[in-house]
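Asker: Fold the following for me, if possible:
(4 chains)
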There are 4 protein chains.
Amino acid sequence: MCRFLVYKGTNPILLSDLILNPTHSILTQSYDCRLRLDSLPHNGDGFGVGYYTTPTLSAEPCIFTSTTPAWNCVNLSRLAKKTASSLVFAHVRATTSGALSESNCHPFSYGSLMFMHNGHIANFKKIKRAIVSAIRDEYFLMVEGSTDSEWAFAVFLDTLHSLGHSPKSPPEAQNERVGGGGGGGGGFGHGVLRQALLGTIRRLNEFLDEAGTGEPSLLNFAATDGYSVVCTRYVCSRTDEAASLYFSSGTRFHEYKEGGFYRMERHDRGQDLVMVASEPLTFERGDWVTVPTNSILTINKQTVLIHPIIDKYYQQNPAYSRSAAFAESKGMVAEPIVPSKSVKNGAKKLGVRSGKDAHPPTIPDRLPSGSDEGE
Amino acid sequence: MCRFLVYKGTNPILLSDLILNPTHSILTQSYDCRLRLDSLPHNGDGFGVGYYTTPTLSAEPCIFTSTTPAWNCVNLSRLAKKTASSLVFAHVRATTSGALSESNCHPFSYGSLMFMHNGHIANFKKIKRAIVSAIRDEYFLMVEGSTDSEWAFAVFLDTLHSLGHSPKSPPEAQNERVGGGGGGGGGFGHGVLRQALLGTIRRLNEFLDEAGTGEPSLLNFAATDGYSVVCTRYVCSRTDEAASLYFSSGTRFHEYKEGGFYRMERHDRGQDLVMVASEPLTFERGDWVTVPTNSILTINKQTVLIHPIIDKYYQQNPAYSRSAAFAESKGMVAEPIVPSKSVKNGAKKLGVRSGKDAHPPTIPDRLPSGSDEGE
Amino acid sequence: MCRFLVYKGTNPILLSDLILNPTHSILTQSYDCRLRLDSLPHNGDGFGVGYYTTPTLSAEPCIFTSTTPAWNCVNLSRLAKKTASSLVFAHVRATTSGALSESNCHPFSYGSLMFMHNGHIANFKKIKRAIVSAIRDEYFLMVEGSTDSEWAFAVFLDTLHSLGHSPKSPPEAQNERVGGGGGGGGGFGHGVLRQALLGTIRRLNEFLDEAGTGEPSLLNFAATDGYSVVCTRYVCSRTDEAASLYFSSGTRFHEYKEGGFYRMERHDRGQDLVMVASEPLTFERGDWVTVPTNSILTINKQTVLIHPIIDKYYQQNPAYSRSAAFAESKGMVAEPIVPSKSVKNGAKKLGVRSGKDAHPPTIPDRLPSGSDEGE
Amino acid sequence: MCRFLVYKGTNPILLSDLILNPTHSILTQSYDCRLRLDSLPHNGDGFGVGYYTTPTLSAEPCIFTSTTPAWNCVNLSRLAKKTASSLVFAHVRATTSGALSESNCHPFSYGSLMFMHNGHIANFKKIKRAIVSAIRDEYFLMVEGSTDSEWAFAVFLDTLHSLGHSPKSPPEAQNERVGGGGGGGGGFGHGVLRQALLGTIRRLNEFLDEAGTGEPSLLNFAATDGYSVVCTRYVCSRTDEAASLYFSSGTRFHEYKEGGFYRMERHDRGQDLVMVASEPLTFERGDWVTVPTNSILTINKQTVLIHPIIDKYYQQNPAYSRSAAFAESKGMVAEPIVPSKSVKNGAKKLGVRSGKDAHPPTIPDRLPSGSDEGE
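Answerer: Got it, this is the predicted structure:
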């Protein structure tokens, strides 16, 4: 079981308002999620948070990881009260592969890029050697730990490289940086990040197909270059549900009642912040929209776009109900899936408006063929 | 919430058979107990195990503590598979006072003595200074951490000292040592340990009375000198239930079915091992006898004796049913109390036989006045 | 052995420019200082850094501590590159009293106050109980760890309280906060802090005199309220040298040559930053002025004032040369004392000008009697 | 810099007599060795000890590792006083490749085998992929950490496998186990272990030759199956000296003077214990014999055998003096090499007698061609 959380806003948020204080914060989740496990986890707890600072302090994110359970980490608690950022990744891990070690804590970073994974690659050991052989030396040698997730990040970097972009050198930032409050058009561009993440999934599927493993892999990923964010909710199956994923957007995320009761406020049609999370941070269910299984979500300047990932695991029939049993058995379903709240694949009927309206996500039927740079 | 466990046997037990493998081992308990908490613990998890080795390696116990949650501690897991002992204390801690630090992990030791506490001293801060003033310099200076429990241990040592016994120097061991397989009559003698532990509770009550605190304290203690063990199940209240405490005795504690299914075997009237635990280690409920509230349990050569602690919190009416609500609110009730299984105070009707029969506990109506050395 | 470092500037400094990069940074010192120890340290290494953030994030400092040796702490290294502050305390510890635990790491804090100690209180165990008895409950109960230094901080808070100032509530900040780039006259006022620190030393001396301990105590302290800083260089002896202490002030502290070669620049008569350190951070010896033994240094708006501490350990004879042998035996002398560079007590001949000229320190013959608020 | 130590004896030794108490124990070495480093280590300190217990507790060694510096590890200090074994490996690490993580601590183990490395593989990153491709899946997947040493262990296991022995299943133990006090002929046999270790070096050389790296690798390895021990002192150079390596053998290793002054006693021609160490544990220089560069040492039933490793880095000229400058620059020379004490390659003149005499090592001119099982 693990959980992740992404925050991107026009204004910085104090980390404690994001990860410490909400009654159902990611820390509480890591703790509560244990309720749903029926066996002793064997591979350790870990926590990590990564955030971008003002661009004057370099383009790399700052990452704090801990192998002490997050709820016990004094340093985390002190730093979170004193650190604000406009783009934050946070991750808690309970029981996936890899020993308990800071090298195994998400988010991972490389230059200005950050990456995290919620899920697991089935029978990872069967495809590890194929990954090792397929990627360039610099990403092979980058891996420090022993998790499937860090190797998935290596595949992501290699795929970005193959797209003609050096992961270490984003194109010149044309606009202002996210740390500066902007969320402008710098970095690699959301189209490039999306292509790289879709390519990562495609390659992992090829490795898995070749190895002939049976169990589906759960591939919820999040990647960012400090400007745009892309996240997948994906499972290597046409009949199973993926690990859960939600997003929420609005004008302000604030504590409306003492004791950690937070809520998303929406003051007008514009939106100033977006959160993406494995599990809702608040009990205001109306605040959280389910990301459809096997789709990719993009945050570009606080606008959310959702595209289906159309491959052999795509379920053409919008009425088909995937089974959550498998994801639940892995502890990866954060909430019982409530259909009335979820956005089904291609579910235009839910009143999802176009990206221009900013607030609700665009869900085109399929990605434009060829390049998706055009958006 | 915390849990403790005592093992004393004629033969050494492999620590992994005690603390790692049983499906409901103390590690699993520490993990599962979280199920019963409704809020985030703020003071940290810790684990400790103390055991006596062969007497040739000195009379002091060996203590291993960890601030990594026990279920993640690789060293613990490796050592437990390779270490056997005839007298073991183990403790997991989730959410009592004191920062997360190895200095705050139980069991505490001093010379050949070990001590642990399951519970909490209400409004400890109000009596801390009185404790500091009341005890001798050597025990005042011994305290390294910041928990109420370590200060209770200091009171215990000071009380033992006042009884005429230097905690550093037990009387010459007349008989063989426990590590040698015996469990003989060495050390301070079980009567002295019992007096010291009863005196500790008496003094804590005096401090608490003077401070005028309201909430009851939960004082389940365990103490040993490597030969005898004394444990209390005690609450500073006449109407509330204490934190839970059970014991089990038999000939062999073994895995009858693969997958961590352990059971206590009893082959004849003699008993070769005794376990005392905050929470049963197995789901064989018949194996576990509830220690009555406000009583003290003694293990002397694998024989269990139980005496009521008769003071102002003693409930004379055997039919009175204490309320478990308070202890439950502290996460200190391991099992719903099942009356048919519990041994009520002075409950001769349950067929509890005399100490001479060895197996079930003696429950005299009251401690002999004056000295209890005579037993 | 331990070392500390204070930075106070008009502008924030990136922590990595202060504690990571300089070739002779406090981390390197902690590592190199081992060269001077001839025995195995038994009590552990620890590291801590505390800094003030923008006032919008509350008046309390942010503190990061680590029991991993500082040079191995990945989090420290990552955070230092991303954190800037105008007022920083840093501390490394190798071998004083107290177990290895985060509770024992300096700097300590209480409300908006920070405190650290370089040295040790001789035979601390003999005066611990007297300290416990002498101070108010809130400071007695504040102590979490087991070091002499944290108890000295408790005495400091109690002394401040006795001066009529609640440590939790500084007087209304009249001017801007240091985090805002100012260094204004807010907080308790440097006179109050100085009185409290001098009172702390006076009380410790009383406890020590009563206990009749022989060996001198080394009492280099640093305290701040986020606005002003006071530091002592002090030894309880009239013939021994104190632990070393230096300061440096200028316009800019910067890397003039790649590879960690830093230097203090002075562009005009004004000074924009002050550093105080147990050991010079650079090899530019001219940058560092020795603080005279048994004196107190004040930083008020980037101006340094030095006053002698005139008590029974004050050496009236300016020509007297204290012996460094004792402090060296404790690993507390960072550099061979070079007389030509040191500022002797009352050493007017060194051309030290008055506080009004801002740059070099004022060294009046004695503190004004009564209140020293008048400066 | 790192250091290792092997103990093999007829009788168990208390770990504290081996690693804690000697004034120049491996812990002190780890601490003192810093004296010889001129720069800040970036990759972390770690410690590990592995030992075999009585065979009733399984054939696997018990391993305790710590990323806390060894001299600060309370658990290590407590366990060492209570644990005795007849075959012990200990390792301290300061500054080689791989992040600070328990996964990177030596000794490594696999089934009943233990392995450690003192040195480094030059430009390891250039040959990492070749190693990955060359070894069997089970050893590729075994690697958890990121050090060159763990990969060398994987090569060792793969080489043993290629010799026809499954690393998980030693041949049936014909004789008694070492834990039982014997040191009998069980396990894989010392000849097989020696072949596997020599094969490991041969393969590493092939990888290195192919990669064409310039700097010599330092390959001091130690491997054991719980019965026999093999150690190399090896450098990939014909002109440079290897990292230092010594051995000592005798009847008893004991503290002859309080304060950690240990000495090896020899009561008769038989020898009851052997130690191999990167650096002498005592200042009794006569107790320690230098293992010649580029040779392999075997301990079989407390008898030491030394064979030269004859390959392209073997120096035929016994009068040639290798330069220690390179090994010193890596912090791998524990003592200035004193020729009169060292045993030169094939140095019969030093009076080294044959293996039958048990005490001093056999140094045949070359390994028997074909199999070396015959000894």
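Asker: A:V274: what secondary structure?
Answerer: Using DSSP: H, G, I helix; E, B strand; the rest coil as the criterion, the local structure at A:V274 reads strand.
Asker: give me every residue that touches it.
Answerer: A:V274 is in contact with A:6-9, A:247-249, A:299, A:302, A:304, counting by C-beta atoms under 8 Å, 6 or more residues apart in numbering or on different chains. Where you see a C-beta, it was placed from the backbone N, CA and C, and this is true even at glycine.
Asker: can you pull out the helices in chain A?
Answerer: Secondary structure of chain A (DSSP state H): helices at A:15, A:26-32, A:74-80, A:124-134, A:137-142, A:148-162, A:190-211, A:325-329.
Asker: Distance to chain B, mean pLDDT and mean neighbour count for those helices - can I get that in JSON lines?
Answerer: Formatted as JSON lines, those follow (distance: least, C-beta to the nearest C-beta, whole Å; pLDDT from 0 to 100; neighbours: other C-beta atoms under 10 Å in any protein chain shown):
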{"stretch": "helix A:15", "distance to chain B": "16", "mean pLDDT": "94", "mean neighbour count": "24"}
{"stretch": "helix A:26-32", "distance to chain B": "6", "mean pLDDT": "65", "mean neighbour count": "23"}
{"stretch": "helix A:74-80", "distance to chain B": "7", "mean pLDDT": "87", "mean neighbour count": "20"}
{"stretch": "helix A:124-134", "distance to chain B": "20", "mean pLDDT": "94", "mean neighbour count": "18"}
{"stretch": "helix A:137-142", "distance to chain B": "25", "mean pLDDT": "95", "mean neighbour count": "17"}
{"stretch": "helix A:148-162", "distance to chain B": "18", "mean pLDDT": "96", "mean neighbour count": "23"}
{"stretch": "helix A:190-211", "distance to chain B": "28", "mean pLDDT": "96", "mean neighbour count": "20"}
{"stretch": "helix A:325-329", "distance to chain B": "17", "mean pLDDT": "84", "mean neighbour count": "16"}
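Asker: Indicate which one of these is closest to chain C.
Answerer: helix A:74-80 (5.3 Å; C-beta to the nearest C-beta).
Asker: other SSEs contacting that closest one?
Answerer: strand A:46-51, strand A:62-66, strand C:62-66 (3 or more C-beta pairs under 8 Å, 6 or more residues apart in numbering or on different chains; DSSP states H and E).
Asker: and A:F89, what are its bridge partners?
Answerer: Beta-bridge partners recorded for A:F89 (DSSP bridges): A:V6, A:G50.
Asker: pretty sure it contacts A:L113?
Answerer: No. Contact status for A:F89 versus A:L113: not in contact, 10.8 Å apart, counting by C-beta atoms under 8 Å.
Asker: which residues do those two both contact?
Answerer: In contact with both A:F89 and A:L113: A:T224, using C-beta under 8 Å, 6+ apart.
Asker: higher neighbour count, those two?
Answerer: Using other C-beta atoms under 10 Å in any protein chain shown as the criterion, A:F89 and A:L113 rank with A:F89 on top: 29 against 26.
Asker: need the helices of chain A in TSV with distance to A:S169, can you?
Answerer: Formatted as TSV, those follow (distance: least, C-beta to C-beta, whole Å):
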stretch	distance to A:S169
helix A:15	29
helix A:26-32	32
helix A:74-80	30
helix A:124-134	22
helix A:137-142	13
helix A:148-162	11
helix A:190-211	13
helix A:325-329	37
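Asker: just to revisit the earlier point, deepest of the helices and strands packed on helix A:74-80, which one?
Answerer: Stretch with highest mean neighbour count among the helices and strands packed on helix A:74-80: strand A:46-51 (a mean of 27; mean count of other C-beta atoms under 10 Å in any protein chain shown).
Asker: give the contact list for A:P171.
Answerer: So A:P171 contacts A:165, A:187-189 (C-beta under 8 Å, 6+ apart).
Asker: For chain C, what's its nearest residue on the stretch 101-250 of chain A.
Answerer: A:E102 (6.0 Å).
Asker: where does chain A come near chain D, residue by residue?
Answerer: Contact residues, chain A versus chain D (C-beta under 8 Å from any C-beta of the partner chain): A:98-103, A:125, A:128-129, A:132-133, A:137, A:140-141, A:143-146.
Asker: just the contacts of A:V274 now: which is nearest B:A152?
Answerer: A:Y7 (44.6 Å; C-beta to C-beta).
Asker: Quick check, the closest one in contact with A:A84.
Answerer: No. A:Y7 lies out of contact with A:A84 (C-beta under 8 Å); the separation is 10.7 Å.
Asker: how about the nearest residue to the most centrally placed residue in chain A, chain neighbours excluded?
Answerer: The geometric centre of chain A, computed from its C-alpha atoms, lies nearest to A:A222 (C-alpha atoms, centre = their mean), at 3.0 Å. Nearest in space to A:A222, with sequence neighbours left out and distances taken as C-beta to C-beta, 6 or more residues apart in numbering or on different chains, is A:C231 at 4.4 Å.
Asker: Tell me how far the one you found lies from A:N220.
Answerer: Going from A:C231 to A:N220 by C-beta to C-beta, to the nearest Å gives 7 Å.
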